[in-house]
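Trainee: A predicted structure for the sequence below; I have some questions about it.
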Amino acid sequence: MRERTGLEGAFSAGSRLGSEQTSMLQRWAMGVALTGVLVGCPGPGAKVTSQPRIPIGLGTVDSFSELYPVTAVTEMGESLYVGRKADLQRFNIASGEHTMLPGPKGEPLREVSALSGSTVGGLWVVAKGHLYQRQKDAWVDVPAGAPPRPRTVLAMDDGVLVGGEAGLARLAKGSWRRMLPGAKVTSLAEHRSRSEVWVGTTQEGVYSLDSAGKLTSHSAARGQPVRRVQSLAVLAGGGVLVLGRDARGRQLLSHFNGEAWTRYWPSSERRLRRLFTAGQRIFLQHRKGLFELRQTPPVKAGEKSPFSLLQLTVERAPGAQGGHTPPHFVAVDAERELPRGITIVASSGGYAYLGTVALGVARFDGRDLRWFRTVELMGGQERLLVGCGEEDCFFIGGGQIYRYVEGQLRALTLPQKRSAIAVFRQSNGRVAVVLQGADPNTLALARVKDGKLSVERELAVRVPRGPAVARFSRQDPQGRTWLGLAYRDEEKEERPWGVAVITVDGKATFHRSSMLPKEKRPADSLALPDDIRDVSFKDGDLWMATGVGVCHVVGKKVREITENDGLVSELTYAINISPKGEILLGSYGGLGRFDGKEWRFESSPPLSGSVRALVRQRGVLWAGTLSGLIRSQGTKIQIFSTRDGLAGSRVLDLHLDGKGRLWVLSKLGLTVASLD
């Protein structure tokens, strides 16, 4: 059984994200069973008779993967181009690999607001209010006379159409032609089968531009009352749909079949946000979910419609031609949760590309989503480092430290030339941060005060090549923090480097490999394996998950447990201890249990595969696996994936904070679930 979940929050940042930037976080919401009917009449005179959190399954779910919101998207050939406030990214559609495209001067192209591409004319970009063209992997000069302050572009085989505050302009054969002076153009859509382009404006309504360059106004006089266009879509069947508001501010849909317009008035309680297509399917995004528009035979006279939402009162406008039969649309629940916080939608090649604030771009085929992400927030990190105070939490991502409060992220400013390595809550309730030391190969202890980091002391811990990499942080019964360490060699490969134990007053003891000569090891240092992945404590004993099996420490006696002692695999990732004292082990060979006498491992999926992380909460065992997040309680097992709001289904690590929230790190980003 899979449970659906909702997501909401906000994404803001300082430092790399901008010191005062605050944006809406990517949100997911479970679709609810809603249906409705849109019917209409042609001609003038027709009359119209913050999103909630949804605690289902995982509860409220906040997911993140990107540092910057998506502001523009276009598909061209085998590439997907994604514009952001910070740069322009190019994704290979087949592989998902991405590269940053520098601007004409070699610097990142910032504040990209519009993109359009043609395999003949190349890529057109609007960035910081300027128009750029790229052909054959090189930037080329745009002919003089481009309109100022462009907002939208449409690449053509013989040039480009540009819309903005100065109206509409077309570039063909090296020269510009200006149209619609004074109109604010916000949207452009090409109708290839009719060789025309549809133009949406903020006050002047809708225009069509034919191949000969003739502009035609579609106004209220022609039965099309939309003045302020929100969305414009060319339908696969040949029609055109417009979503917007009329001169009185009322929201409506207008449909053009090539001959006549028909308008549809949604119920006043249903505010529609955008209209888009994916292949031959038409979608309407509303405040609480997604409708699909389907054309059906009209309801017979006197027959009551079975639908209640978006129900319309039909009134034929005076003077309307009787020979025109209005198309009849049914709005049904799309039964597909979409990213809320969508910033941009671009339909191309049978897909809708949905740009988001914090999760990149989703390609939507009408049923499923495929994501394109840089996953730069976590910077390739595979372990969670989280520390929570009384009101907020902090976590490490890609060498940066972020503050998380009620779905909002903000990057803290780091001391110069120091990267963030770990964060944890100490036994005295204070949040401690481990930074790169003054010597790049050492560590330093810092505190968070008034939203700022202050270094308190350098630690007597050194790695061969800095900055160090933290693998875990765990607190023992004495209030000390055990910090697993590693470093990256010259080839960027991670090399394990033992564990440091840090006291509340900042003193550190380093434990490392038994292969070191005894005379080089301090008297209070244990001969532990280098490759320590996790640690747990039981009755004064120490249990460790390592890359060479399980390590059991009693006093100063170290015992290594291997496959010869009952393990299915010596490659272990996580270790936990149940209230009854049972040892729980996550390993490459699945979930194992040790009752003090023998090891038993799960023999059937999903817990017989690789288990990367384990946490317990009120009788529930949560396991992170490469096939999803597993919730196990007694004999009941549930599997959660991206369809339930997770950033990714390949779960690498888990953390349960003091407020009962579950942190989930996956290959594709970070998720925080409230579990309420």
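Mentor: Thanks, I have the structure now. Residues are numbered from 1 along each chain as shown.
Trainee: wait, what's in contact with R559?
Mentor: 551-553 (C-beta atoms under 8 Å, 6 or more residues apart in numbering). (Glycine included, C-beta is placed from N, CA and C.)
Trainee: now, these that are in strands?
Mentor: 551-553 (DSSP state E).
Trainee: any stretches of the stretch 251-400 of the chain with poor pLDDT?
Mentor: Residues of the stretch 251-400 of the chain meeting the criterion pLDDT under 70: 268-270, 298-326, 335, 340.
Trainee: again, 90 this time
Mentor: For the stretch 251-400 of the chain, residues meeting the criterion pLDDT under 90 lie at 252-273, 279-342, 348-350, 366-368, 389-392.
Trainee: which parts of it are strands?
Mentor: 251-256, 261-264, 272-278, 281-286, 289-295, 329-333, 339-340, 342-348, 351-356, 361-364, 369-372, 386-388, 393-397, 400-405 (DSSP state E, counting those that start in this stretch).
Trainee: could you dump the ones in strands among the contacts of R559 to JSON lines with pLDDT, distance to G341 and neighbour count?
Mentor: Below are the ones in strands among the contacts of R559 laid out as JSON lines (pLDDT from 0 to 100; distance: C-beta to C-beta, whole Å; neighbours: other C-beta atoms under 10 Å):
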{"residue": "C551", "pLDDT": "96", "distance to G341": "45", "neighbour count": "22"}
{"residue": "H552", "pLDDT": "96", "distance to G341": "47", "neighbour count": "18"}
{"residue": "V553", "pLDDT": "95", "distance to G341": "47", "neighbour count": "19"}
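Trainee: just these now: which is nearest K507?
Mentor: Nearest to K507, judged by C-beta to C-beta, of the ones in strands among the contacts of R559 is V553 at 20.1 Å.
Trainee: contact partners for L275?
Mentor: 230-233, 241-243, 253, 282-285.
Trainee: what about D333, how many neighbours?
Mentor: By other C-beta atoms under 10 Å, 16 other residues sit near D333.
Trainee: which intervals of the stretch 1-150 of the chain have sub-threshold pLDDT?
Mentor: Those would be 1-61, 119-121, 136, if you go by pLDDT under 90 across the stretch 1-150 of the chain.
Trainee: mind redoing it with 50?
Mentor: Within the stretch 1-150 of the chain, the segments meeting pLDDT under 50 span 1-56.
Trainee: and the gap between the residue lying closest to L668 once chain neighbours are set aside and P605?
Mentor: In this structure, L668 finds its nearest non-sequential neighbour in G648, 3.0 Å apart by C-beta to C-beta, 6 or more residues apart in numbering. Separation of G648 from P605 (C-beta to C-beta, to the nearest Å) stands at 19 Å.
Trainee: more neighbours, those two?
Mentor: Taking neighbours as other C-beta under 10 Å, G648 and P605 compare with G648 leading, 23 against 13.
Trainee: tell me the pLDDT at that one?
Mentor: pLDDT, G648: 93.
Trainee: with G239 instead?
Mentor: So G239 comes in at 86 (pLDDT).
Trainee: would you format the contacts of L275 as CSV with neighbour count and distance to K659 included?
Mentor: Output for the contacts of L275, formatted as CSV (neighbours: other C-beta atoms under 10 Å; distance: C-beta to C-beta, whole Å):
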residue, neighbour count, distance to K659
Q230, 19, 39
S231, 21, 39
L232, 22, 45
A233, 22, 43
L241, 23, 45
V242, 27, 46
L243, 24, 41
L253, 25, 44
I282, 23, 42
F283, 23, 36
L284, 26, 37
Q285, 21, 32
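Trainee: Throw those residues into a markdown table and include distance to M156, thanks.
Mentor: Listed next are the contacts of L275 as a markdown table, based on distance: C-beta to C-beta, whole Å:
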| residue | distance to M156 |
| --- | --- |
| Q230 | 24 |
| S231 | 21 |
| L232 | 17 |
| A233 | 19 |
| L241 | 22 |
| V242 | 21 |
| L243 | 24 |
| L253 | 27 |
| I282 | 25 |
| F283 | 26 |
| L284 | 29 |
| Q285 | 28 |
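Trainee: helices along this structure, start to end?
Mentor: Shown for the chain, no helices are assigned by DSSP state H.
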